[in-house]
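Just to be clear, the model below is a prediction. Sequence and coordinates:
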2 protein chains.
Amino acid sequence: MNITIVGAGGMGSRFAVMLKQAGNDVTLIDGWKDNVQAIREHGIQAQYNGDPLVVKLPIYELAEVDQIPATSELVILFVKSNQLDQTCNQIKKLLTPNTYILCLLNGLGHEEVLQKYIDTNRLLLGITMWTAGMQGPGHPILQGNGNIELQNFGDQGEDFAQKVVQVMDDAGLNAVYSQNVKYSIWRKACVNGTLNCLCSLLECNMKQLGQTKEAPEFLKTIIAEFAAVASHEGVDLDQKEVYQHIAETFDGDIAEHYPSMYQDLVQNHRLTEIDYINGAVWRKGQKYGVPTPYCQLITQLIHAKEQILCK
Amino acid sequence: MNITIVGAGGMGSRFAVMLKQAGNDVTLIDGWKDNVQAIREHGIQAQYNGDPLVVKLPIYELAEVDQIPATSELVILFVKSNQLDQTCNQIKKLLTPNTYILCLLNGLGHEEVLQKYIDTNRLLLGITMWTAGMQGPGHPILQGNGNIELQNFGDQGEDFAQKVVQVMDDAGLNAVYSQNVKYSIWRKACVNGTLNCLCSLLECNMKQLGQTKEAPEFLKTIIAEFAAVASHEGVDLDQKEVYQHIAETFDGDIAEHYPSMYQDLVQNHRLTEIDYINGAVWRKGQKYGVPTPYCQLITQLIHAKEQILCK
């Protein structure tokens, strides 16, 4: 398949490496100059499950998008949520009537942005449990295992979505076609909407959060707000199951890890994606007339903390 | 006047020093052994507006309360809110039918505790703008100016309250009799219920808080919750005036100070008095059927942070 991946950070590089090795025609686009230059000169120099792996493929800067032939059937977006709108605008010449977009980003409300740039029937949404890191320009660290669930967002597009599942699966990305990807997206958003923001506000890891007396109430109240809003979008969240799913992380293998929002905000003083998690629930709640005071205050507190920490 | 002061920290020592110097018969009670011993041996060795001042007076440990003659007309309480109940229980033999209690503690709901130990008509409530610090056992630092507002909590007791105002005023404590001390207590609680908890959660000073885009919304929403609950206790808060009063601190002389709760929790890893501020509004809100989600989440977050920081 002819695939363009926008965003050559850890996740974009992982998908590029695995899809390219499986024989697909993969092009990368990235906004980070040093990264583009490193990959152009030396290829992606991955540390792949402990072993070195070099994969050569064409890469362009976002500013060079005019040089890219608009021949991709599939554009996969691995940009920050808060850069999604601007990035789509920059790459819109690649979005022909024959192009599909696949969005695997964490969070809620991405479809609202993407529908400005592509027909609903050419939009695929999904979630992924793959992870990846970067140790420098052109040097991703790719470890562990993961999977993908995806589905066409509009009524049409299932055939192509199934084709993408096959391509991903052939590349070892463990993809399945989901019958209800919206449910999976909301369920995953509940994880981020509890662990990410609470650990960032309280400056603790998941184990420490789980050991507080308040953790069950935090989870229940936040999940209930997500569920009340989700029901207006045709998603009927099983709150008990979601609670269990999140609470499992409190004493699981990764309990002593700090969630990505903590790393962004507290460690690296970077802006967060709160507007696409709790902030999206607050915004959607206002639209549907559903009160979401916990999501509202959490979003405001995280934004205030951004202003205090990020210079 | 024969006065017992319970709690010989900074504030208790200030009142002891000033009331004793004005000729009152002052006895101290304290729970901190080293402090009691230092004052017993050397008197209160204050730094009083920059000058050394030594004041000798009787002091007892809480455990020695049986040795104290129950002759005080007035008992003034300067203990931590969360120790109020236990302390009253320990000193209850001093609370005769001739005794009044004066409570100048920050926060809400102290009267509910105190009414377990004394007749409503013998309870005086107030607020004070005096401050004080401790630099070691027996060594308070007493600087700057302040004042006191107080009133009898029950229908009776005004005569004695006026007498206490006179005694305080004669001692230079700038006391006035308040016609509506409940209003003043709620108004001051709004200050603590916004600045204290938000600066503690966001780990910032008042200036930094005031510079966030979210500060006006934080203040308005929290004040509105306080006002909704206060109205059920016969207090009609002027929300606009309270807002202005709090917002003034964002660029006032003390804008770069960290509130006392920040010092307790973030700097010294001590438990806070959140249950007597936002926690009291949440608790009272439940009693009156008034939703207070911001006070609830703030109280829970502060308690969670206590569990993470205070070992």
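That came through fine.

does A:Cys103 really touch A:Phe78, like I thought?
No - counting by CB atoms under 8 Å, A:Phe78 is not a contact partner of A:Cys103; they are 9.2 Å apart. Yep, even glycine has a C-beta here, placed from its N, CA and C like the rest.

Between those two, which contacts overlap?
Counting by CB atoms under 8 Å, 6 or more residues apart in numbering or on different chains, A:Cys103 and A:Phe78 have no common neighbour.

which bits of the stretch 51-200 of chain A sit near chain B?
A:Leu198 (CB under 8 Å from any CB of the partner chain).

mind listing the strands for the stretch 51-200 of chain A?
In the stretch 51-200 of chain A, the segments counted as strands under DSSP state E, counting those that start in this stretch are A:51-55, A:59-61, A:74-77, A:100-103, A:123-128, A:133-134, A:140-142, A:148-152, A:175-177.

can those strands go into a markdown table with extra columns for mean pLDDT and mean neighbour count?
Converted to a markdown table, the strands of the stretch 51-200 of chain A look like this (pLDDT from 0 to 100; neighbours: other CB atoms under 10 Å in any protein chain shown):
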| stretch | mean pLDDT | mean neighbour count |
| --- | --- | --- |
| strand A:51-55 | 97 | 12 |
| strand A:59-61 | 98 | 20 |
| strand A:74-77 | 98 | 24 |
| strand A:100-103 | 98 | 24 |
| strand A:123-128 | 97 | 22 |
| strand A:133-134 | 90 | 16 |
| strand A:140-142 | 95 | 23 |
| strand A:148-152 | 98 | 23 |
| strand A:175-177 | 98 | 18 |
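
Can you tell me the SS state at the nearest residue to A:Phe15 once chain neighbours are set aside?
Excluding the flanking residues, the one nearest A:Phe15 by CB to CB, 6 or more residues apart in numbering or on different chains is A:Ile5, at 5.7 Å. Look at A:Ile5: counting by DSSP: H, G, I helix; E, B strand; the rest coil, its state is strand.

Touching, A:Ile5 and A:Met11? I think so.
No - contact between A:Ile5 and A:Met11 fails when scored by CB under 8 Å: they sit 9.1 Å apart.

What separation is there between A:Gln296 and A:Glu112?
Going from A:Gln296 to A:Glu112 by CB to CB, to the nearest Å gives 19 Å.

more crowded one of the two?
A:Gln296 (23 against 12; other CB atoms under 10 Å in any protein chain shown).

that older thread, could you tell me how many residues sit around the residue nearest to A:Phe15?
With other CB under 10 Å as criterion, A:Ile5 counts 27.

Would you mind listing the residues in contact with it?
Neighbours of A:Ile5 in contact, by CB under 8 Å, 6+ apart: A:Gly12, A:Phe15, A:Ala16, A:Leu19, A:Val26, A:Thr27, A:Leu28, A:Ile29, A:Val75, A:Ile76, A:Phe78.

A:Cys199 versus the residue in chain A that chain B sits nearest to, what's the distance?
For chain A, the nearest residue to chain B under the criterion CB to the nearest CB is A:Pro293, separated by 3.5 Å. Distance check for A:Pro293 against A:Cys199: by CB to CB, it reads 20 Å.

Between those two, tell me which one has more neighbours.
The neighbour comparison of A:Pro293 against A:Cys199 (other CB under 10 Å) goes to A:Cys199, with 24 against 19.

Please tell me I have it right and that one contacts A:Met206.
Yes - using CB under 8 Å, A:Cys199 makes contact with A:Met206 at a distance of 6.3 Å.

what do the two both touch?
A:Tyr258, A:Pro259.

how about A:Val176, what does it touch?
A:Asn147, A:Ile148, A:Glu149, A:Leu150, A:Val165, A:Asp169.

cool, A:Asn89 as well?
Contacts of A:Asn89 by CB under 8 Å, 6+ apart are A:Tyr117.

Is the residue nearest to A:Phe15 bridged to anything, and to what?
On the basis of DSSP bridges, A:Ile5 is bridged to A:Leu28, A:Ile76.

what does A:Pro140 give?
A:Met134.

how far away is it from A:His257?
19 Å.

Equivalent analysis for A:Lys207, please.
9 Å.

Just give me the neighbour total for A:Ile308.
17.

I'd guessed it sits against B:Asn205; true?
No - using CB under 8 Å, A:Ile308 is not in contact with B:Asn205; the gap is 9.7 Å.

Buried among the contacts of A:Ile5? Make that a PyMOL selection.
To isolate in PyMOL the members of the contacts of A:Ile5 that are buried, counting by 16 or more other CB atoms under 10 Å in any protein chain shown, one can use:
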select buried, chain A and resi 12+15+16+19+26+27+28+29+75+76+78
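
Quick check: the farthest pair among the contacts of A:Ile5?
A:Leu19 and A:Ile29 (14.4 Å; CB to CB).

Tell me where chain A has helices.
Using DSSP state H, the helices of chain A run over A:10-21, A:33-42, A:84-90, A:110-114, A:158-170, A:181-191, A:197-202, A:206-211, A:215-230, A:239-247, A:260-262, A:278-288, A:293-309.

Can you convert those helices into TSV and add a column each for mean pLDDT?
TSV is the format used below for the helices of chain A (pLDDT from 0 to 100):
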stretch	mean pLDDT
helix A:10-21	97
helix A:33-42	98
helix A:84-90	97
helix A:110-114	95
helix A:158-170	98
helix A:181-191	97
helix A:197-202	98
helix A:206-211	97
helix A:215-230	98
helix A:239-247	98
helix A:260-262	93
helix A:278-288	98
helix A:293-309	98
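
Could you chop chain A up by domain?
A:2-179, A:182-309 (automatic domain parsing).

residue contacts, A:Gly285?
A:Gly285 neighbours (CB under 8 Å, 6+ apart): A:Glu225, A:Ala228, A:Val229, A:Pro291, A:Thr292, A:Cys295.

And the residue nearest the centre of chain A?
Nearest to the mean C-alpha position of chain A, by CA atoms, centre = their mean, lies A:Leu105 at 2.0 Å.

A:Phe78 is in contact with that residue, correct?
Yes - applying CB under 8 Å, one finds A:Leu105 in contact with A:Phe78, separated by 7.5 Å.

and the closest residue to A:Asp34 other than its chain neighbours, how many neighbours does it have?
Of all residues not flanking A:Asp34 in the chain, A:Pro137 sits nearest, at 4.1 Å (CB to CB, 6+ apart). If you count neighbours by other CB under 10 Å, A:Pro137 ends up with 17.

Tell me the confidence at A:Pro137?
A:Pro137 is assigned a pLDDT of 97 by the prediction.

got it, and A:Ile254?
84.

what sits against it?
So A:Ile254 contacts A:Met206 (CB under 8 Å, 6+ apart).

A:Trp32: what's it in contact with?
A:Ala8, A:Gly9, A:Pro137 are the contacts of A:Trp32 under CB under 8 Å, 6+ apart.

I'd say the last one and A:His42 touch.
This points to A:Pro137. No - between A:Pro137 and A:His42 there is no contact under CB under 8 Å: 9.6 Å.

distance of the residue in chain A sticking out farthest from the centre from B:Thr299?
Checked against the mean C-alpha position of chain A, the extreme residue using CA atoms, centre = their mean is A:Lys213, at a distance of 30.6 Å. Taking CB to CB as the measure, A:Lys213 falls 12 Å from B:Thr299.

next one: A:Ile76
Using CB to CB, which is the criterion applied here, A:Ile76 is 44 Å from B:Thr299.

How about A:Leu114?
Relative to B:Thr299, and taking CB to CB, A:Leu114 is found at 39 Å.

ok, now A:Leu28?
Taken as CB to CB, the span from A:Leu28 to B:Thr299 is 48 Å.

With A:Gly234 instead?
35 Å.

again, but for A:Leu104
For A:Leu104, the distance to B:Thr299 - CB to CB - is 38 Å.

Give me the more crowded residue out of the two.
B:Thr299 (24 against 20).

how long is stretch A:286-299 from one end to the other?
This stretch, stretch A:286-299, spans 14 Å end to end (CA to CA, to the nearest Å).
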